[in-house]
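[1] Give me the fold of what follows.
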Amino acid sequence: MSDRFIPSSNERLSKFSTAEENRGRRLLEMHRRLKALQTKRFHLRNELESLEKYVASLDSQIKGLESYQQLILNP
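    Here you go, the predicted structure:
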């Protein structure tokens, strides 16, 4: 009767193999997520760079127009 509760070497090997497969799949999934996040970060950095250039250009245009209006209104 006590033999029923002791797993055979095949059962232990099978459980170990399944656990290893799960760890392997989990690791692959983490690598996939990391790559996706790195790609997203790259695109967001590029987008932020473009926005910063646009904001600087717009700010420069506003200052130029304000200076021009002061010259016209205060001769």
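
[2] Please compute how far stretch 58-71 lies from its chain's middle.
    Distance of stretch 58-71 from the chain centroid (C-alpha atoms, centre = their mean, to the nearest Å) equals 39 Å.

[3] what is the mean pLDDT for it?
    For stretch 58-71, the mean per-residue pLDDT is 94.

[4] how near is S9 to R25?
    Separation of S9 from R25 (C-beta to C-beta, to the nearest Å): 24 Å. Bear in mind the C-beta positions are built from the backbone N, C-alpha and C, glycine included.

[5] Those two: which is more packed in?
    A direct count of neighbours by other C-beta atoms under 10 Å for S9 and R25 places R25 higher, at 10 against 7.

[6] Tell me how far the helix or strand harbouring that one lies from the chain's centre.
    Assigned by DSSP states H and E, R25 belongs to helix 9-73. Relative to the mean C-alpha coordinate of its chain, helix 9-73 is positioned 4 Å out (C-alpha atoms, centre = their mean).

[7] Mind pulling the model confidence for the residue nearest to the spatial centre of the chain?
    Of all residues in the chain, the one closest to the mean position by C-alpha atoms, centre = their mean is L37, 2.3 Å from it. At L37, the predicted lDDT confidence score is 98.

[8] No more questions from me, cheers.
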